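Visitor: dropping the sequence and predicted coords here.
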Amino acid sequence: MSRVLVLVDLQDDFLSAEGLVPHREKLVEAAGRLLDDCRSKGVPVVHVWTTIDRERDNRMPHWKESGTWKCVRGTPGHEPPERLRPKKGEHIVHKSFHSAFSVPEFGASLGELSVDGMLLAGVHLHACIRATALDAYARGLEVAIAREACGSDDPVHASITKEFLEFCGINFCRGVEYEA
């Protein structure tokens with residue numbers, strides 16, 4: 001089995017969300033350990049970032065309605081913390097909707113890497129992680145979610161999401177080897 005680590009929305013605007021569980025420092029540290037482990041084992045990495053362009057105003061409709069501007073290209077909030085920055089050769093995919101599969105570049109990156117499984121980490125479990133996991137599952141990929149390296153600012157919704165994803169056969173694991 002060939003796997004890829006997919007880091008979703010580990011960007012300052014999302015990591016600064018009020019009520020984020022686990023808290024930013026703990027989440028960044030866990031994601032950083034996972035990233036280091038994957039890199040040391042030669043697991044390819046794809047960084048998926050929400051990227052909003054003011055000129056095109058490519059925000060999701062509910063962000064437009066609420067006046068939300070997060071992860072705007074060129075702002076500090078768009079960037080990941082130093083610990084989680086991509087290295088040369090790692091793919092970066094820019095999306096503006098929940099699922100990483102909402103942009104063709106993501107599927108192309110997976111095809112280029114010839115993977116049949118994915119380990120997901122990032123924020124928010126109840127939204128972008130869930131949407132990406134379900135889209136991967138629908139495409140026949142083996143999907144696991146790194147539980148310590150995944151967070152949400154809506155813990156109740158995240159708990160319900162975890163139960164649902166487990167019901168679908170998506171594993172919540174400790175790390176790169178998909179340990180329970």
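Guide: Perfect, I can see it now. Just so you know, these numbers come straight off a predicted model, no measurement behind them.

Visitor: C-alpha from now on. contacts and neighbour counts both.
Guide: Fine.

Visitor: please identify the residue most distant from the middle of the protein.
Guide: Glu55 (25.0 Å; C-alpha atoms, centre = their mean).

Visitor: now do the contacts for it.
Guide: When contacts are counted by C-alpha atoms under 8 Å, 6 or more residues apart in numbering, Glu55 touches no other residue.

Visitor: phi first, then psi, for it.
Guide: phi -60, psi -40 (degrees, to the nearest 10).

Visitor: before we move on, what about Lys87?
Guide: phi -100, psi 160.

Visitor: repeat that for Ala146.
Guide: phi -80, psi 100.

Visitor: and what of Val46?
Guide: phi -120, psi 130.

Visitor: so what's it bridging to?
Guide: Val6, His91 (DSSP bridges).

Visitor: ok, it touching Arg3?
Guide: No. Under the criterion of C-alpha atoms under 8 Å, Val46 is not in contact with Arg3, lying 11.0 Å apart.

Visitor: need the strands for the protein, in chain order.
Guide: For the chain, the strands defined by DSSP state E cover 3-8, 45-50, 91-95, 117-123, 142-151, 171-173.

Visitor: in CSV, list those strands along with mean neighbour count.
Guide: Output for the strands of the chain, formatted as CSV (neighbours: other C-alpha atoms under 10 Å):
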stretch, mean neighbour count
strand 3-8, 24
strand 45-50, 23
strand 91-95, 19
strand 117-123, 26
strand 142-151, 24
strand 171-173, 20
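
Visitor: correct me, but Gly107 touches Phe101?
Guide: Yes. Taking C-alpha under 8 Å as the definition, Gly107 is a contact partner of Phe101 at 6.4 Å.

Visitor: who has more neighbours, those two?
Guide: Legend: neighbour count by other C-alpha atoms under 10 Å for Gly107 and Phe101, higher for Phe101 (20 against 15).
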